[in-house]
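>>> The following block contains a protein sequence and its predicted model.
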Amino acid sequence: MSAPDPQTSFHAARWNEPLIPELDEPGARGMLPPACDEDIAEAAGDVLSGLPEGLVRKAPPALPRVTQHRVMRHFTRLSQMSMGFDVTTDMMGTCTMKYSPRVHEHIARLADLAEVHPRQPEATQQGILEILYRFNRMMCAIAGMDAFSFQPASGAQGIYTNACIIRAYHASRGEAGKRDEIITTAFSHPADAATPAVAGFKVITLMPGEMGYPDVDALKAALSDRTAGLMLTNPEDTGLFNSRIKTFVDLVHEAGGLCAYDQANGNPLLGVARAGDAGFDLCQFNLHKTFSAPHSGIGQGCAAVGVKRHLEPFLPAPAVVETEDGGYRLDYERPQAIERIRAFQGNVHTVMKAYAWVMSLGAEGLRAVAETAVLNNNYLARGLSRIRGASLPWPANNKPRLDQVRYSWEKLHEETGVSTFDILVRMVDFGVQHYLPSHVPMLVPQPFTLEPGESLTIEELDRMIAIMEAIAEEAYTAPEVVKTAPHNAAIGHLDLSVPEDPDCWAFTYRALKRKEPAWTAPDRVKRGAHEGGY
Amino acid sequence: MQTGDGFTHPYVPNAAPEPRRKLLEALGIKSVDELYASVPESLRLKGPLDLPAPLPGEADLRRHVESILAKNRNCRDLLSFLGGGCARHYVPAICDEIAGRGEFLTAYGGGPYSDHGKGQAIFEFQSLLGELVGMEAVSPPTYDWGAAADSAALMACRITGRNRILVPRHMSPDRLAQMRGFVKPFATIAEVEQDPVTGLIDLDDLLVKLDGETAAVYVENPAFLGAIETQVEAVAEAAHKAGALAIVGVDPISLGVLAAPADYGADIVVGDIQPLGIRMLAGGGCAGFIATRDEERLVMEFPSILISAAPAEGGGYGFAWSTTERTSYDTRHEATDYYGTTQWLWAIGAAVYLSLMGPDGMRELGIGIMERARYTAAAIDRVPGLAVPALRGSFFKEFVVDVSDSGKSVAEINKALLDRGILGGSAVDERRALYCVTEMHTKADIDRLVDALQEICR
């Protein structure tokens, strides 16, 4: 099978689309509100007259006046300058990009979901409650847990929920003050360190050993009678599975702590291994990653938070329970529940999409998803690790990675001066979404992380390999092309020091107009662009 | 256990026998199992997951899921007066269109070059919402209004160095619950009394409770039970005098007529953008925001990603993340708040909404909502046995109906309303219901409600 030619003539749409306030035209109206019946207006009178002057707007807000079709064109053009998975290959590490079945979106538009008010009586929400209940049972089977909540609206919020449950558990046993330490790892998602800190814990981060993940001794050194729990991602964001995970869990349990499994990287383990079987007490999955719900430009997300029986009382209220007559209701009588995490039942439409995905695939399908994700990843890794200047860290660990791989351009950088950030930007010129370098801490020099997932074809995998080969080749033969990228993107090279400077940053159009002169001030001291991951 | 000769499904092309064989061959292995060498045998499942039989055909799947959802009733077919943190406003067709576009729907962590259009759309959301609230530093969405209020509370603690938050006693109970859980390790919450009839903050009680430990006073305007908080200027002033910040939670759809909170002393504005062109989705449409003045000491306390404009070579503006070191992505174990995947798609919908409505649209809409709400409240108040105390003051779209004199409970009345195809206001308690009226309610709708209430309460 010959490699496809990566020398494409790709060019992103480059609309140079003005900012919407710049499209303001006097007299233009985009949408007229529904007319208010004359009788109503008359009967109501001057509704603003009872208000103090300081509470009534003196002039309408300075929103732009734009005719309807121009609004349509504006945002349609902006959409054309975004590289969603529907448009092109996206292998961003840790994100588990995959195809979000379109049929789910059409189902979600039905009035029976889109036009349901969360405060409707339970008798009128039996459909949603049934989906929540059924998916709860399905997730229990998938994860080896006993009960789930779908209230949190993202992975980070799900991990935070895990931390709150751990906190509540120890408090219920009178050990709140005593057990105040959570252990995590450097290559777990930043949320595994951050959210327990926000829940009031002191967080200990284990550094990787020569296998790329922390060894048992590092864990032992961190354990004490202050240990509240372990919260980690496995495989970690490097794609490496900690083979001693069961030992980790046993040691933490012996120390009196709980174990929370962040399954953000759970795609390769569907139908292969389960959090519950490894001894974990609780876990969370990202429904907008592994379970295909669309990433939505950074949200609508949903975390499926699962617990073993002994932690079930701590799940936030309400829980969905069966009624005697075969229906469902919301149970708010949960005296040990942690405080509410999010409004209403969370992103129930996201749960619907995850449910539909599992219903489409079934047990055999989930296993095929996992295996194919791992197969695709190792096939990709074979191609990428052979590229001149690329390497795989932790050579002592010769076991295959699972869902993703963190590679290094250290050699290429030494030899050419081209950095992983330069290469990332140059990828866009080839019409693909760029990779993730790494979250912080950037322990791997010049890191790059790709997770192909199970949705892509061999041709798409080959194309990515060819693109990375081509860019590496450019780094060695024409580094300036890479360093001055992008060349074919929707926008030219940006001065990324501006967003870092308080005198220059602009989060709104108003601020932009006020501060723009500072961007070109001759005495401006340029701060470095942020070179972290996500 | 490996899936035999492969698995054929539209979502997993390389699971089919031929591509699977090719990949195994390229890797020089006999079975996928070899790739799981790092996962101990003892942890591996021996049999398939216990899941229902699948429906791989799209028509079958669709029929199945839709048949479950058909067990719902909805606010298009029923006449709904439900509010309390979610409301049925009009969703322009273009909002659905743009929020449904695959380019946005399936984007994620792209940067300034790959997702330039998304960056601009979010910047425009920040800008347009900024115009409504009167602030120049506006975040992309938070998980919901409660999360925004939670973050604002802790921002105030860090900014002032204090650790006490004052909140109205009758603020949204759900948001209060969220806040209790979130601020628990860092701050305490004290409740300020509200007048049971007017719904307004008891200023005397506020002054008693404001002290040198107060980091912020949080009010909702309109209040959760609907009243426009007419004393909000005085509240902010009192907070500032005590060295505390004023956090105001708003319904942005009211800000075409109501003053921008920045203009009456708010330091941090939070709220929910669901009313701005977002479908209710049984609560999935909720999305919050945080806004402050563009001052470094305030901005550096935002927990969220912030999209900033930046100059592009060759002209024009690009958009990039600003000061990511503020966020939990960078701070990790030293994090004082956290941020992750939130509700960005709804920001795009809201940007479209505000672009369509424009200044006149927002003003006309606001007045029209208030007129319909007032008309409805007055008509209900005339029903024997029902009372709407809020009529004595001002409210935006929500008001409490007191059913004490009707001889029936809210639950009984709502059951009777539902029999007539109407969803009455949700119960605040047994004798009070919170009604919400929007621009979607016609005179015929309102008259139908009032006639039904007349009948039921006879």
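That came through, no problem. Numbering: from 1, shown residues only, chains lettered A, B, ... in the order given.

>>> three-state assignment of residue 271?
No chain specified, so I'll use chain A. coil (DSSP: H, G, I helix; E, B strand; the rest coil).

>>> Correction: the question concerned chain B.
Applying three-state DSSP: B:Gly271 is strand.

>>> With adjacent residues omitted, what lies nearest to it?
B:Val250 (4.3 Å; C-beta to C-beta, 6 or more residues apart in numbering or on different chains). (Glycine included, C-beta is placed from N, CA and C.)

>>> tell me the phi and psi of that neighbour?
phi -130, psi 160 (degrees, to the nearest 10).

>>> State the number of residues packed around it.
By the criterion of other C-beta atoms under 10 Å in any protein chain shown, B:Val250 has 25 neighbours.

>>> and B:Lys408, that one's in a helix?
No. Assignment of B:Lys408 by three-state DSSP gives coil, placing it outside any helix.

>>> buried ones in the helix ranked longest in chain A?
Counting by DSSP state H, the longest helix found in chain A is helix A:348-385. Buried positions in helix A:348-385, judged by neighbour count with 16 or more other C-beta atoms under 10 Å in any protein chain shown: A:348-381, A:383-384.

>>> For the residue nearest to B:Gly271, give me its contacts.
B:Val133, B:Glu220, B:Asn221, B:Pro222, B:Leu258, B:Pro261, B:Val269, B:Val270, B:Gly271 (C-beta atoms under 8 Å, 6 or more residues apart in numbering or on different chains).

>>> on that earlier part again, overlap between the buried residues of helix A:348-385 and the residues near chain B?
Among these, proximity to chain B is found for A:348-350, A:352, A:355-369, A:371-372, A:374-376, A:378-379 (C-beta under 8 Å from any C-beta of the partner chain).

>>> tell me which strands and helices the longest helix of chain A is in contact with?
Where contact means 3 or more C-beta pairs under 8 Å, 6 or more residues apart in numbering or on different chains; DSSP states H and E, helix A:348-385 is packed against helix A:102-108, helix A:111-114, helix A:126-143, strand A:405-408, helix A:458-477, helix B:17-27, helix B:58-69.

>>> could you check the angle helix B:58-69 makes with it?
If you take axes from the mean of the first three to the mean of the last three C-alpha atoms, to 10 degrees, helix A:348-385 sits at 140 degrees to helix B:58-69.

>>> orientation of helix A:348-385 relative to helix A:126-143 in degrees?
30 degrees.

>>> now helix A:348-385 and helix A:458-477, what's the angle there?
50 degrees.

>>> Tell me which residues of the least confident helix or strand in chain A by mean pLDDT come out buried.
Across the helices and strands of chain A, mean pLDDT, DSSP states H and E gives its lowest value to helix A:38-44, namely a mean of 95. By neighbour count on 16+ other C-beta under 10 Å, the buried set for helix A:38-44 is A:Ile40, A:Ala41, A:Ala44.

>>> near chain B, which of those residues show up?
Restricting these to those near chain B - C-beta under 8 Å from any C-beta - leaves A:Ile40, A:Ala41, A:Ala44.

>>> Mind putting those into a markdown table with distance to A:Gly327?
Output for these, formatted as a markdown table (distance: C-beta to C-beta, whole Å):
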| residue | distance to A:Gly327 |
| --- | --- |
| A:Ile40 | 39 |
| A:Ala41 | 44 |
| A:Ala44 | 41 |
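
>>> Tell me the one among those residues nearest to A:His106.
Distance to A:His106, by C-beta to C-beta, is smallest for A:Ile40 among those, at 36.3 Å.

>>> in what helix or strand does the closest residue in space to the closest one that isn't next to it in sequence lie?
Leaving aside its chain neighbours, A:Ile40 sits nearest to B:Tyr375 (4.4 Å; criterion: C-beta to C-beta, 6+ apart). Element membership of B:Tyr375, judged by DSSP states H and E, is helix B:344-381.

>>> Quick check: what element follows that helix along the chain?
Past helix B:344-381, the next helix or strand by DSSP H and E is strand B:398-402.

>>> hang on, the earlier thing: turn the helices and strands packed on helix A:348-385 into CSV, columns for distance to B:Gly47, mean pLDDT and mean neighbour count.
Below are the helices and strands packed on helix A:348-385 laid out as CSV (distance: least, C-beta to C-beta, whole Å; pLDDT from 0 to 100; neighbours: other C-beta atoms under 10 Å in any protein chain shown):
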stretch, distance to B:Gly47, mean pLDDT, mean neighbour count
helix A:102-108, 29, 98, 19
helix A:111-114, 34, 98, 21
helix A:126-143, 12, 98, 23
strand A:405-408, 30, 97, 25
helix A:458-477, 30, 97, 19
helix B:17-27, 21, 97, 16
helix B:58-69, 24, 98, 16
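
>>> Okay, strands next: where are they in chain A?
Under the criterion DSSP state E, chain A contains strands at A:147-149, A:181-185, A:202-206, A:227-233, A:258-262, A:282-286, A:303-307, A:319-322, A:328-331, A:405-408, A:447-450.

>>> what's the angle from the helix holding B:Tyr375 to strand B:398-402?
40 degrees.

>>> burial measure for B:Ile117, as a count.
No, residue B:117 isn't Ile; it's Gly. Count around B:Gly117 with other C-beta under 10 Å applied: 32.
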